[in-house]
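S.K.: Provide a 3D model corresponding to the input given below.
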Amino acid sequence: MNKPAPPPTSENYHKIALAICYIRDHLQQQPSLEQIATHIGLSPHYTQRLFQQWAGLSPKAFLQFLTRQSCLTRLSEGEDVLNTSLASGLSSPSRLHDLCLHWDAMTPGSVRRKGQGLHIEYSWQPTLIGRALLATTDRGLCYLDFSEQDCGEAELLQRWPNASFQHSHHNPAHQKIASQLFLPHRELQLHIIGSPFQHKVWEALIRLPAGQLTSYGQLASAIGKTGASRAVGTAVAQNPIGLLIPCHRVIRQDGDIGNYHWGCERKAALLLHEQS
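M.R.: Residues are numbered from 1 along each chain as shown. As a prediction, this is how the structure comes out:
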């Protein structure tokens, strides 16, 4: 039987804060769990459990997350894969390749290209809850947004700044997609890019029956990540195809409807529509 997690105390908090600073400051050295534990004066096993309790992920996962952030910044600025790997403390481009695939389901080259070579068609379509921005590649629907026109298009271009875009004023394929959005059964091809963790969260959302609600904590438990409610919330918010990946079915633990990217009124309307 596993021992219970150590109780939260101010001393434990300061230990974890010290560990986080150490990992940040020694990112290029890629410190091991043993080195982190030695620095904060605890055993590796206790450090692992304490860090997991306070941060919702292991020291190794946190180190990978920071390394990923550093790599994405360098790649987006045009630095090549080899120099990015070495500057971020990775021993070879193959380790950077594995890291990007694990967290983003994309190769370093794909991250660096930011959609280069990708052709995206987009259009605005009328729906039951207002105009929707639909964007598709040759592989399927990659983006669905209900923001105002300028904001929706700006966010689309920000996701794939190097892609080629075509604004269609009359797009039969998009009209067909829009006509299916509120049907109980849809036949749609999706082109979704996300990390393995994001895909787990999104798949759990898709499995929720229409009208059924869940909380971030319940969603975290459903994917076997109890205690990772904050990370789950981030993944829900980063969903590029709202409505089809039904983030509107997630409410707060206390029953409050919570926030919604396109307004609480629209979220309430969607829930009422499904429950009726």
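S.K.: now Gln175: how far from Ile241?
M.R.: According to Cβ to Cβ, to the nearest Å, Gln175 and Ile241 sit 17 Å apart. Any C-beta I mention is one placed from the backbone N, CA and C, and that applies to glycine too.
S.K.: of those two, which one has the most company?
M.R.: Neighbour totals were compared for Gln175 and Ile241, and Ile241 leads with 21 against 14 (other Cβ atoms under 10 Å).
S.K.: so what's that one up against?
M.R.: Counting by Cβ atoms under 8 Å, 6 or more residues apart in numbering, Ile241 touches 141-144, 190, 192.
S.K.: just the residues you listed: which are in strands?
M.R.: 141-144 (DSSP state E).
S.K.: need those residues in JSON lines (columns: neighbour count and pLDDT).
M.R.: Converted to JSON lines, these look like this (neighbours: other Cβ atoms under 10 Å; pLDDT from 0 to 100):
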{"residue": "Leu141", "neighbour count": "20", "pLDDT": "92"}
{"residue": "Cys142", "neighbour count": "24", "pLDDT": "89"}
{"residue": "Tyr143", "neighbour count": "21", "pLDDT": "91"}
{"residue": "Leu144", "neighbour count": "24", "pLDDT": "92"}
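S.K.: what's the farthest-apart pair in those residues?
M.R.: Cys142 and Leu144 (8.7 Å; Cβ to Cβ).
S.K.: list residues touching both of those two?
M.R.: Listed contacts common to Cys142 and Leu144 are 135, 240-241; contacts here mean Cβ under 8 Å, 6+ apart.
S.K.: nearest to Ser76, of those?
M.R.: Closest to Ser76, out of all of these and judged by Cβ to Cβ, is Pro240, at 18.0 Å.
S.K.: so what's the residue nearest to the closest one when sequence neighbours are not counted up against?
M.R.: By the measure of Cβ to Cβ, 6 or more residues apart in numbering, the closest residue to Pro240 outside its immediate chain neighbours is Tyr143, 5.4 Å from it. Contact analysis of Tyr143 by Cβ under 8 Å, 6+ apart lists 120, 122, 133-135, 156, 159, 240-241.
S.K.: about what we covered before: which one of the shared contacts of Cys142 and Leu144 is nearest to Thr127?
M.R.: For the shared contacts of Cys142 and Leu144, the residue nearest Thr127 by Cβ to Cβ is Ile241; the value is 13.6 Å.
S.K.: and that closest one, backbone torsions?
M.R.: Main-chain torsions, Ile241, degrees, to the nearest 10: phi -130, psi 70.
S.K.: can you tell me how far it is from Glu187?
M.R.: The gap separating Ile241 from Glu187 is 15 Å, by Cβ to Cβ.
S.K.: correct me, but Pro93 touches Ser85?
M.R.: Yes. Assessed by Cβ atoms under 8 Å, Pro93 is found in contact with Ser85 at 4.9 Å.
S.K.: quick check: beta-bridge partners of Ser164?
M.R.: Beta-bridge pairing for Ser164 (DSSP bridges): His119.
S.K.: that one: how many residues sit nearby?
M.R.: So Ser164, with other Cβ under 10 Å, has 12 neighbours.
S.K.: mind checking how far it is from Asp138?
M.R.: For Ser164 relative to Asp138 (Cβ to Cβ), the value is 12 Å.
S.K.: hmm, back to that, could I get the contacts of Tyr143 as JSON lines with secondary structure and distance to Leu99?
M.R.: Shown next, in JSON lines, are those (DSSP: H, G, I helix; E, B strand; the rest coil; distance: Cβ to Cβ, whole Å):
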{"residue": "Ile120", "secondary structure": "strand", "distance to Leu99": "26"}
{"residue": "Tyr122", "secondary structure": "strand", "distance to Leu99": "31"}
{"residue": "Leu133", "secondary structure": "strand", "distance to Leu99": "32"}
{"residue": "Leu134", "secondary structure": "strand", "distance to Leu99": "32"}
{"residue": "Ala135", "secondary structure": "strand", "distance to Leu99": "28"}
{"residue": "Leu156", "secondary structure": "helix", "distance to Leu99": "26"}
{"residue": "Arg159", "secondary structure": "helix", "distance to Leu99": "20"}
{"residue": "Pro240", "secondary structure": "coil", "distance to Leu99": "21"}
{"residue": "Ile241", "secondary structure": "strand", "distance to Leu99": "25"}
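S.K.: just give me the closest of these to Cys21.
M.R.: Nearest to Cys21 among the contacts of Tyr143, counting by Cβ to Cβ, is Arg159 at 32.0 Å.
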